[in-house]
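Engineer: next input, structure requested:
(3 chains)
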Amino acid sequence: MALLSNTAVLLGKELRTEFRSRELLITTMVFILMIVVLFSFTFDPSVGESRRFGPGLLWLAFLFAASLMLQPGFLREQTNDTLSALRLSVSDPFAIFFAKLVANTVFLLVTEVLMLPVFAVLYNVRILGVFPQLVLVFFLGSVGVAIPGTAFSAISAQARMRELLLPLLLLPLLTPVLIASTEATAALLAEKPALEGSWLGFLAGFDVVFLTALWLFGEYLLEE
Amino acid sequence: MTPPSFSPTGIRFEKIDKRFGGLYALRGVSLGISAGECVVFAGRNGSGKTTLLRIAARLSRPSAGTVSFVNGGGANGETPQAAGFVAHATMVYDELTAEENLLLFARLQGIANPAARAEKLLREVGLEERRNSLVRTFSRGMRQRVAIARALLNEPAVILLDEPATGLDPQGVSWFAETLRGLRDSGRTILMSLHGESEVSNLATRAIRLDAGAVVADTRSGANFRSILAFANA
Amino acid sequence: MAKRAILGLVTLGLVVAAAFASFYVVPMERTMGPIQRIFYFHAASAWAGMTAFFICFFGNLLYVWRRQPNWDWLGVSAAEVGLAFTTIVLITGPIWAHPVWGIWWTWDWRLTSTFVMWLLYISYLLLRTLIAEPDRRALLSALFGIFAFLDVPLVYFSIRWWRTQHPQPVVMGGPGSGLEPTMRKVFFFSVLAMHALMVLLLAERYRLEKLSGEVDDLRREAEAQ
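Structural biologist: Next up, the predicted model:
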C-alpha cells in the first residue's frame, strides 16, 4: 500500500538524517538532564518525596523537551523547500506526517529511556523490576506528545515567534497526556508497583483521537 | 528513433484566480498551452509568474478556475503524471548525498528500479563522481543539477521552471540551456519564468507577459517576442 | 438596526430578570449564605462559554470545508466570547470560594478543567496574532481550533479521574444536583439569560470582524498599487 511504503521511505530518511548528526537527540537529552537537576533543588529528594514528585517532574521535563525538540520537524523542510518536493512525490500527504510522527516518537522514546536510569539514580527510585512496563507507558505517552506535536510544528513553521508558539499551542493540549502518564508512571514506581490499565487505555484513546484528526485534516496543514 | 517514454501533454488554464486575503495574485488567467510548446513567462516581481507555475504544479490550489493537463497521443486512460518542477529553491536535502536524494524521491514516486534511474540521471547531469557527496558541499550550479535530476525522475511530460537560472554562472547557464534544449526537442511541454533575455529564454517558442496577475501580451496573439522579454526586469 | 436594538433590549431584560431572581426570588442557601447566589451566574456562564466554544468548533469545521471568510469570522468571534464567559467562571469561582472556605483557589476538577480550556483558547487567539496573511491565518487557526475542541472532553475526563484518585475539597456541587425546585428554575433561567447575552456579544463581535476584514482587504489593495 502506497501510504505505508511512502511512510517507510520517509521514516528512513528522517532516522538517517538524525542519526547522522544526532543533534536533536543530544540536545534534548542534555535539556532533560538539566531540568531534572534543577528540579532537585525545589524539594527534598528523600525516597518518599521522590515518589510523590518524581514522576510528575519527569514528565514535565519530557513535555518541555519535546516542545523544543519538535520545532525543527517542519522547519527543516522549509530551508530548501523540500516540503514542496515531498508534496509532489508522495501519493498521500498523510505519509509525510506519519513518517515524522513515528520518527518523533522514536526520538522521544530513545531520550526518555536513556534518561530513566539517570533519573532513578539521582532520585533513588527503583526501576529494574518495572522497566518494560515503564517503557510501555513512555511509549504511549510519547505517541500522545508526538501526534499533536508534529501537527502543530507544521502550524508554527508558518507563523512568527515559532519558538514560543509551539509550546504555547502544545502544552495545554497535552494536559491529559501529562496526567495519565504521570499517574501510570507513579503507580509503577510506588512501593507496590501496579500497572494502571485504565490510564494506559486512556492514553491509547487519546492517541487514537488525535491520530484520526491528523489523518483527516493533515493535508490542509500543508496547503499553500 | 525510440518512442518517447511519456505522452505529449498540453496544459489548459481556465479562468484562474488566486487570492491571498483581499489581494489577487492572479486574476482571470485563461491560457491554452499545446503539447510540446516551450513557453517563457515574463513579468515584474509580483506579477504572478511563480503563483501560476505553482498552480500548474498542483502545489497551490486556485481560488477559482481550473488547471488541467491534456494528453495528446497515447490514450491509455492513464492518470496524468506529476509535472517536473524546478524552482529557485533546490528542493533537495542538504544533509543527504546526491544519490540518496534521488533514491528517496524515486522510491516515493514508486518508480520501478529506482537505483538504476538515479544512476542514469546522475550521469546525464554530470554528477556521477559526486554521487556520494552531501549536497551541502555542492556549488549553486551543482545543486541545480541535482534539482533538475530530481524533477526528471518520473520522466515527466510537463516541466515547470521558476527562475531556474538565477545564481548560475555563465558556464552553468550554458549547461542549463543545453539540457533544456534536449528536453524541448524530445517533445516535452515546458513552462518557465525568467528575468530577461538569455541563452535560456531564446529556447522558447512562445512568450507570455504577466502584469498584476493578468496576461497582457502573448506571442501567440501576435505580440513581439523580444519586447515581451525586454521589459521583464522593469 | 432595529433587530440589533431589539436583541439588545431583550437580552438586557433577561439578564436583569435573572439577577433579580437570583437575589430576591430564590431562597437563601442553607450552609453558604448569600455568596452562594453567585452560583447562578457562575454556572450559567460556564454553560454559555461551552456553547460558544462549540459554535467556534462548528465555524472551524465549516471554514476548512468551505473556505468562506464568514466561517472564520464566526470562529474567532465565538472563541473570544467563549473566553469572556470562561473568564467570568474563573473569577466568580474564587469569589465564591473565599468567604466559604477561606481559600481563593482549590484545584477542584471543574475549575481546573475550565482553566485549561481557557488556556487552549487563549492559545487559539495568540496563534491568530502571529499569522499575518488572512487566508493562512483562518485555515491554520481553524485547524488548531478543531484539535483544541477535540481535546476539551479529554481534559475534563482526565482531570476528573485524577481528582477521584487524589480528592480535594470540592468548591461547588454539580449544577442542578441537589437543587431545590425554585433554585432549579432560576438556574435554568440564568442559563437562558447568559445564552442570550452570549448570542448578542457574538453577533456584535461578528459584525466587527466582518467590517475589520473588509477594511483590511481595502488596505491591502491600496498598498499593492
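Engineer: contacts only, for A:L134.
Structural biologist: By C-beta atoms under 8 Å, 6 or more residues apart in numbering or on different chains, A:L134 lies in contact with A:116, A:127, A:185, A:188. From N, CA and C alone the C-beta is placed, and that goes for glycine too.
Engineer: swap in A:A186?
Structural biologist: With the criterion set at C-beta under 8 Å, 6+ apart, A:A186 makes contact with A:51, A:54-56.
Engineer: gap between it and A:R22?
Structural biologist: Between A:A186 and A:R22 the computed distance is 31 Å (C-beta to C-beta, to the nearest Å).
Engineer: what's the answer for A:F202, then?
Structural biologist: Relative to A:R22, A:F202 is positioned 33 Å away (C-beta to C-beta).
Engineer: and the two? Which one has more around it.
Structural biologist: A:F202 (24 against 10; other C-beta atoms under 10 Å in any protein chain shown).
Engineer: show me the domain layout of chain B.
Structural biologist: B:9-72+B:156-234, B:93-155 (automatic domain parsing).
Engineer: among those, which is nearest C:V81?
Structural biologist: Of all the domains of chain B, it is domain B:9-72+B:156-234 that lies closest to C:V81, at 24.3 Å by C-beta to C-beta.
Engineer: do the closest one and chain A meet?
Structural biologist: Yes - for domain B:9-72+B:156-234, a contact with chain A is found by C-beta under 8 Å from any C-beta of the partner chain, at B:54, B:57-61.
Engineer: phi, psi for B:A83 please.
Structural biologist: phi -80, psi 150 (degrees, to the nearest 10).
Engineer: find the centremost residue of chain C, please.
Structural biologist: C:G49 (1.9 Å; C-alpha atoms, centre = their mean).
Engineer: so that residue makes contact with C:E80?
Structural biologist: No - between C:G49 and C:E80 there is no contact under C-beta atoms under 8 Å: 11.0 Å.
Engineer: helices of the chain, residue ranges please.
Structural biologist: This is for chain A. A:2-21, A:23-39, A:47-69, A:72-79, A:82-89, A:94-123, A:131-156, A:162-173, A:175-189, A:197-221 (DSSP state H).
Engineer: um, chain B though
Structural biologist: B:49-56, B:98-108, B:114-124, B:140-151, B:170-185, B:225-230.
Engineer: quick one: average confidence on the second one?
Structural biologist: For helix B:98-108, mean pLDDT rounds to 95.
Engineer: dump it to CSV, keeping only the CA atoms.
Structural biologist: Coordinates of each C-alpha in helix B:98-108 appear next as CSV, following Å, rounded to 0.1, in the frame of the first residue of the first chain:
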residue,chain,number,x,y,z
ALA,B,98,23.1,13.4,-4.3
GLU,B,99,22.4,9.7,-4.8
GLU,B,100,20.4,9.4,-1.6
ASN,B,101,18.2,12.4,-2.6
LEU,B,102,17.4,10.9,-5.9
LEU,B,103,16.8,7.4,-4.5
LEU,B,104,14.5,8.9,-1.9
PHE,B,105,12.3,10.8,-4.4
ALA,B,106,12.4,7.9,-6.9
ARG,B,107,11.1,5.5,-4.2
LEU,B,108,8.4,7.9,-3.1
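Engineer: next, find the distance separating the residue nearest to the centre of chain C from chain B.
Structural biologist: 30 Å (C-beta to the nearest C-beta, to the nearest Å).
Engineer: could you find the closest non-adjacent residue to that residue?
Structural biologist: C:F85 (3.5 Å; C-beta to C-beta, 6 or more residues apart in numbering or on different chains).
Engineer: same deal with A:F98?
Structural biologist: A:T7 (4.6 Å).
Engineer: which one is A:V9 nearest to, not counting chain neighbours?
Structural biologist: B:R107 (4.6 Å).
Engineer: measure the one you found to B:N113 for me?
Structural biologist: From B:R107 to B:N113 the distance is 11 Å (C-beta to C-beta).
Engineer: for C:F39, same thing?
Structural biologist: 73 Å.
Engineer: same deal with B:A217?
Structural biologist: With C-beta to C-beta as the criterion, B:A217 and B:N113 are 45 Å apart.
Engineer: which of those two has more residues huddled nearby?
Structural biologist: Taking other C-beta under 10 Å, B:A217 and B:N113 do not tie; B:A217 has more neighbours (20 against 10).
Engineer: residues contacting that one?
Structural biologist: B:207-209, B:223, B:227-228.
Engineer: circling back: out of the domains of chain B, which gets the lowest mean score?
Structural biologist: Among the domains of chain B, domain B:9-72+B:156-234 scores lowest, at a mean of 87.
Engineer: next one: that domain to chain centre, how far?
Structural biologist: Centre-to-centre, domain B:9-72+B:156-234 and its host chain are 8 Å apart (C-alpha atoms, centre = their mean, to the nearest Å).
Engineer: try stretch C:8-19
Structural biologist: Distance, centroid of stretch C:8-19 to centroid of chain: 18 Å (C-alpha atoms, centre = their mean).
Engineer: stretch A:71-87 too?
Structural biologist: 20 Å.
Engineer: ok, the closest residue to A:L15 other than its chain neighbours to A:W215 distance?
Structural biologist: Among residues not flanking A:L15 along the chain, A:A103 sits closest, at 6.0 Å (C-beta to C-beta, 6+ apart). From A:A103 over to A:W215 the distance is 17 Å, taken as C-beta to C-beta.
Engineer: circling back: go through the contacts of A:L134 and name the one nearest B:F41.
Structural biologist: A:L116 (57.9 Å).
Engineer: backbone phi and psi for the residue lying closest to the closest one once chain neighbours are set aside, please?
Structural biologist: Nearest non-adjacent residue to A:L116, counting by C-beta to C-beta, 6+ apart: A:I127, 6.1 Å away. Main-chain dihedrals, A:I127, degrees, to the nearest 10: phi -120, psi -10.
Engineer: for A:I127, which residues are in contact?
Structural biologist: Contact analysis of A:I127 by C-beta under 8 Å, 6+ apart lists A:116-117, A:120, A:134, A:189.
Engineer: which of these sit farthest apart?
Structural biologist: Farthest apart among these - using C-beta to C-beta - are A:P117 and A:L189, which lie 13.3 Å from each other.
Engineer: the more surrounded of these two?
Structural biologist: A:L189 (21 against 12).
Engineer: identify the residues contacting that one.
Structural biologist: Applying C-beta under 8 Å, 6+ apart, the residues contacting A:L189 are A:51, A:54-55, A:125-127, A:130.
Engineer: which among those residues end up buried?
Structural biologist: A:51, A:54-55, A:125, A:127, A:130 (16 or more other C-beta atoms under 10 Å in any protein chain shown).
Engineer: tell me the one of those residues nearest A:L108?
Structural biologist: Looking across the buried ones among the contacts of A:L189 and measuring by C-beta to C-beta, the closest to A:L108 is A:P55, at 16.4 Å.
Engineer: residues contacting the closest one?
Structural biologist: A:182-183, A:185-186, A:189.
Engineer: what parts of chain B come near chain C?
Structural biologist: Counting by C-beta under 8 Å from any C-beta, chain B sits next to chain C at B:19-23.
Engineer: ok, which pair from those residues is furthest apart?
Structural biologist: Applying C-beta to C-beta across these, the maximum distance is between B:F20 and B:G22, 8.3 Å.
Engineer: for B:R131, see how far away the closest residue to B:E95 other than its chain neighbours is.
Structural biologist: Spatial nearest neighbour of B:E95, excluding adjacent residues (C-beta to C-beta, 6+ apart): A:T17 at 5.1 Å. Between A:T17 and B:R131 the distance is 18 Å, computed by C-beta to C-beta.
Engineer: show me the helices in chain C, by range?
Structural biologist: C:2-20, C:38-66, C:69-101, C:109-129, C:134-165, C:181-224.
Engineer: for the most centrally placed residue in chain B, give its distance to chain A.
Structural biologist: Most central in chain B under C-alpha atoms, centre = their mean is B:L160, positioned 1.7 Å from the mean C-alpha point. Per C-beta to the nearest C-beta, B:L160 is found 10 Å from chain A.
Engineer: what sits against that residue?
Structural biologist: So B:L160 contacts B:53, B:56-57, B:83-86, B:190-192 (C-beta under 8 Å, 6+ apart).
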